[in-house]
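>>> just to be clear, the model below is a prediction. Sequence and coordinates:
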Amino acid sequence: MKNWKKLLKLAGVGFMMTAACAGLAGCGGGNKSAAPAGDKVAKVGFINGVTGGVASYGIAEKEGLDLAVEEINKEGKVKMDVEMVDTKGNVQQAVAAAQKMIAAKKVLVVGPLISGEYKAIGPLFQQAKIPLLGSATTAEGLIEIGDYMFRNCVPESQNIPQTVKKTHKLLGYKKVAVLYSHNNEHQVSAYKTFKKALEDEGVEIVGTETFADKDTDFSAQLTKIHNLNPDVVVVAGYYQEGGLILKKMRDMGMNQPVLGDNGFVSPELVKIAGPASDNVYVSSMWSPDRDSKATKEFIKNFKAKYNHDPDNFAACAYVSAKLAAKAMENAGTVTDSKKVRDALANIKNFESAVGPMTFKNTGDPEVDLVLLKVQGGKYTAVKV
């Protein structure tokens, strides 16, 4: 009898533990955003990179998306259950994550983090007829994969020309040198766009040098550039290499303004480069200086939750979740990917944390950009 009572007691404990676990989204995994149980919950995938060389971007995106999902579920118009897979920025792992999401019949997937990953997995989602909503992928040719491809960030073909046009008007430079990562899909695309934009402005490119992701020594390339004495230096690279390039430039006495692409919009760039990051110019949808209710509320709520300021990547992932929820609300379904896709493609004047956003039956949004300058360790909006 004693043993029988003991078994009942253990069974009761086990039942309570099971119930407690059932009340937590992703119990034991830590990769699912909390959502109420029920049949009318949107199963959303999130392909991200929170470890490895892309960790700073990925962690920021996870923070932004988690905050958005929390707000969406609290509001109650749409309920979301988000499962995240960490790819570490690796294409092979992104493909495996995509296959997992497709098998799980996600209604929509946010991500991945890197343009090369998006290019690899886009055809899989197009074939499966599941919308893929990128939040940091700006390389050219991605949306052309198919009509289920989306992103809430403008491509480099819209971003970089604005940077060049506005800084050329502001600074009046005539000669530039370019340095870019030759083994990175995103940065090769950025380089080509910079080249065309500079030529369109009548600016002479006096030299072009390359490097590879994860390089740490840029002495040879910068020595050649230094000898050319350009008015401005263009760097197409991520913050890891970009921060080291800026430090080396300033150590060599190269104090020229630097133009960067989307990969330079990260507080990590400033952390690595320190004062050497001053006089860097980038264009971004995101600016904490936007006079917008949506922007101000996002900043307030983000700081309250994480005790630090959001960056471009946190803001874009936050907007991705909000866009997905709005599309599901407009479509009147959280399970029909085709209807969600059609609703997303026709969102108009959506007031987001990165500015009003419109999709005109295409995967690229229309949104205004802000020119930012790094000064004193901060990204500040510049009026031109």
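Received the coordinates, thanks. Just so we're clear, the structure is a prediction, and the values are computed from it rather than from any experiment. Residues are numbered from 1 along each chain as shown.
>>> closest to the centroid, which residue in the protein?
Nearest to the geometric centre of the chain sits Ala136, at 2.7 Å (C-alpha atoms, centre = their mean).
>>> am I right that that one is in a helix?
No: counting by DSSP: H, G, I helix; E, B strand; the rest coil, Ala136 is located in no helix; its state is coil.
>>> so who does it touch?
57, 61, 113-114, 153, 262, 313, 316-317 (C-beta atoms under 8 Å, 6 or more residues apart in numbering). C-beta here means a position set from N, CA and C on the backbone, and glycine is covered the same way.
>>> just Ile121 next, same as before
If you count contacts by C-beta under 8 Å, 6+ apart, Ile121 has them with 47, 94-95, 97-98, 112, 132.
>>> what about 10 Å?
Contacts of Ile121 were listed using C-beta atoms under 10 Å, 6 or more residues apart in numbering, and they are 47, 87, 91, 94-99, 101-102, 109, 111-112, 132, 145.
>>> burial count for the closest residue to it other than its chain neighbours?
Leaving aside its chain neighbours, Ile121 sits nearest to Ala98 (3.9 Å; criterion: C-beta to C-beta, 6 or more residues apart in numbering). Counted by other C-beta atoms under 10 Å, the residues lying close to Ala98 total 28.
>>> can we start the residue count at 126 from this point?
Taking 126 as the first residue, the last one we looked at is Ala223.
>>> so what's the backbone phi/psi at Ala223?
For Ala223, the backbone dihedrals (degrees, to the nearest 10) come out as phi -60, psi -40.
>>> please apply the same query to Tyr273.
Dihedral angles (degrees, to the nearest 10) for Tyr273: phi -100, psi 10.
>>> that one: neighbouring residues, count only.
Tyr273 - counted by other C-beta under 10 Å - has 24 other residues nearby.
>>> same question for Lys202.
Around Lys202 there are 10 other residues, counting by other C-beta under 10 Å.
>>> for the residue lying closest to it once chain neighbours are set aside, which residues are in contact?
For Lys202, ignoring the flanking residues on the chain, the nearest one in space by C-beta to C-beta, 6+ apart is Glu454 at 5.2 Å. By C-beta under 10 Å, 6+ apart, the residues touching Glu454 are 197, 200, 202-203, 465, 468.
>>> just the contacts of Ile246: which are in strands?
172, 234, 257 (DSSP state E).
>>> ok, the last one - contacts?
Read that as Leu257. When contacts are counted by C-beta under 10 Å, 6+ apart, Leu257 is found next to 170, 172, 223, 226, 231, 233-237, 243, 246-247, 249-251, 267, 270-271, 273-276, 466, 488.
>>> mind doing that once more with 8 Å?
The neighbourhood of Leu257, defined by C-beta under 8 Å, 6+ apart, consists of 233-234, 236, 243, 246-247, 250-251, 273-275.
>>> closest to Glu324 among these?
In terms of C-beta to C-beta, no member of these lies closer to Glu324 than Tyr243, at 27.3 Å.
>>> next, give phi and psi for the closest one.
phi -60, psi -40.
>>> could you do Asn308 as well?
phi -110, psi 20.
>>> any idea how far it lies from Gly178?
With distances taken as C-beta to C-beta, to the nearest Å, Asn308 is found 13 Å from Gly178.
>>> now Phe475
The spacing between Phe475 and Gly178, counted by C-beta to C-beta, is 32 Å.
>>> wait, Lys418 sits on Glu476?
Yes: taking contacts as C-beta atoms under 8 Å, Lys418 lies within contact range of Glu476: 7.4 Å.
>>> how far does stretch 223-236 stretch from one end to the other?
10 Å (C-alpha to C-alpha, to the nearest Å).
>>> average model confidence for it?
Computed over stretch 223-236, the mean pLDDT rounds to 98.
>>> would you map the helices across the stretch 376-509 of the chain?
Along the stretch 376-509 of the chain, counting by DSSP state H, counting those that start in this stretch, helices occupy 392-398, 418-431, 437-456, 462-470.
>>> OK, contacts around the spatially closest residue to Asn404 that is not a sequence neighbour?
Distances taken as C-beta to C-beta, 6+ apart place Pro382 nearest to Asn404, at 4.9 Å, with adjacent residues excluded. Residues near Pro382 by C-beta under 8 Å, 6+ apart: 292, 296, 298, 356-358, 404-406.
>>> in strands, which of those appear?
For those, secondary structure assignment (DSSP E) places 357-358, 405-406 in strands.
>>> state the distance from the closest residue to Tyr298 other than its chain neighbours to Val235.
Distance criterion C-beta to C-beta, 6+ apart; nearest residue to Tyr298, sequence neighbours excluded, is Asp356 at 3.7 Å. Plainly put, Asp356 is 40 Å away from Val235 if you go by C-beta to C-beta.
>>> contact partners for Asp356?
Contact partners of Asp356, counting by C-beta under 8 Å, 6+ apart, are 296, 298-301, 381-382.
>>> which of those count as buried?
296, 298, 301, 381-382 (16 or more other C-beta atoms under 10 Å).
>>> out of these, which comes closest to Ser282?
When the buried ones among the contacts of Asp356 are compared for distance to Ser282 (C-beta to C-beta), Val301 comes out closest, at 18.7 Å.
>>> ok but that closest one is inside a strand, no?
Yes: secondary structure of Val301 (three-state DSSP): part of a strand.
>>> quick check: bridge partners of it?
For Val301, the beta-bridge partners are Ile330, Val357 (DSSP bridges).
>>> wait, it sits on Glu326?
No: with contacts defined as C-beta under 8 Å, Val301 does not count as touching Glu326, sitting 9.8 Å away.
>>> perfect, that will be all.
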